[in-house]
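In: coords please:
(one chain, ligands or ions: 1)
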Amino acid sequence: MPLAWIDTHAHLDDERFHGDLAAVLERAVQAGLQRIVVVATTAIDSPNCVTLAAKHPLLRATVGIQPNNIAEESPTAWDEVVALAQRSEVVALGETGLDRYWDRTPFAQQEDYFARHLELARKIDRAVVIHCREAEADVVRMLRAGFDNHGPVRAVMHSFTGDLATAQACVQMGLYISFAGMLTYKNAQALRDVAAKMPLERVLVETDCPYLAPVPNRGKRNEPAYVVHTGAVLAQTLGVPLDVIAEHTTRNARALFGI
Ligand SMILES: [Zn+2]
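Out: Predicted structure coming up:
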């Protein structure tokens, strides 16, 4: 029996999986994956993620609008997300968050939508998947405001690349920190130094596939089965056996998403 894993962030609705999704899911099962969270980035792909999750028992879905996509959305996009959010396949809202790297959506509008996702998640008891790029202080500020007013929210900082202070601030507010393939890259020692200080009770692994495959598959199309490689580096980084990382990340993912 392989160790049990959960890929907490996969874009399986991406067209790069259209031709061979069944084989991708079969390899995931062989690799020990027990669940895969299929993450939406637009109002258009949100229903596709829900449909995938309804079809495959291995899959659960999120619905939401990624900050860089907000500006291109139709006026009814948010209502479409809200209408889907309480479907039984939907375990989280997102990915949402803030992004100062790409300049595609005015920042105030990103903040507005991030706040909407957080508020809806509290209202309908779903988790939140948070994207953060070069906006760590702003994300922490908004999370802190919510935390001070309403207490902890179930949420994950997905594909974390921030610094230790950001990670610790998020952990203190009860969030999870999810590591993706970048953790395995040779030039990512600063990220591994952050991961090394994270409590086992708060770490998750993800692929963010089809992007940024972990070593030894770097450069290839990423897929959920490869999450094991990120798990292995996380185990080395934290100085614990592989089965301990598999057990904790799987348990953490189940608690976060209620899966
Ligand atoms: Zn993503």
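
In: quick one: the strands in the protein?
Out: With DSSP state E as the criterion, the chain has strands at 5-10, 33-38, 59-63, 90-99, 127-133, 155-157, 176-179, 203-205.

In: Okay, now the sheet partners of the longest one, with direction.
Out: Just to be clear, that refers to strand 90-99. Taking DSSP bridges as the criterion, strand 90-99 forms sheet pairs with strand 59-63 (parallel), strand 127-133 (parallel).

In: For those, give me CSV that also has mean pLDDT, mean neighbour count and distance to residue 99.
Out: Any C-beta I mention is one placed from the backbone N, CA and C, and that applies to glycine too. Below are the strands paired with strand 90-99 laid out as CSV (pLDDT from 0 to 100; neighbours: other Cβ atoms under 10 Å; distance: least, Cβ to Cβ, whole Å):
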stretch, mean pLDDT, mean neighbour count, distance to residue 99
strand 59-63, 98, 28, 17
strand 127-133, 98, 26, 4
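
In: Now for the nearest residue to residue 32 once chain neighbours are set aside: which residues touch it?
Out: In this structure, residue 32 finds its nearest non-sequential neighbour in residue 2, 3.3 Å apart by Cβ to Cβ, 6 or more residues apart in numbering. Neighbour list for residue 2: 30, 31, 32 [criterion: Cβ atoms under 8 Å, 6 or more residues apart in numbering].

In: now residue 201
Out: Per Cβ under 8 Å, 6+ apart, neighbours of residue 201: 248, 252.

In: hey, what's residue 156 bridged with?
Out: Legend: beta-bridge partners of residue 156 under DSSP bridges are residue 129, residue 176.

In: Pretty sure residue 6 is one of the things it touches, is it not?
Out: No. With contact defined as Cβ atoms under 8 Å, residue 156 does not count as touching residue 6 (11.5 Å).

In: so what's in contact with the two at the same time?
Out: residue 204.
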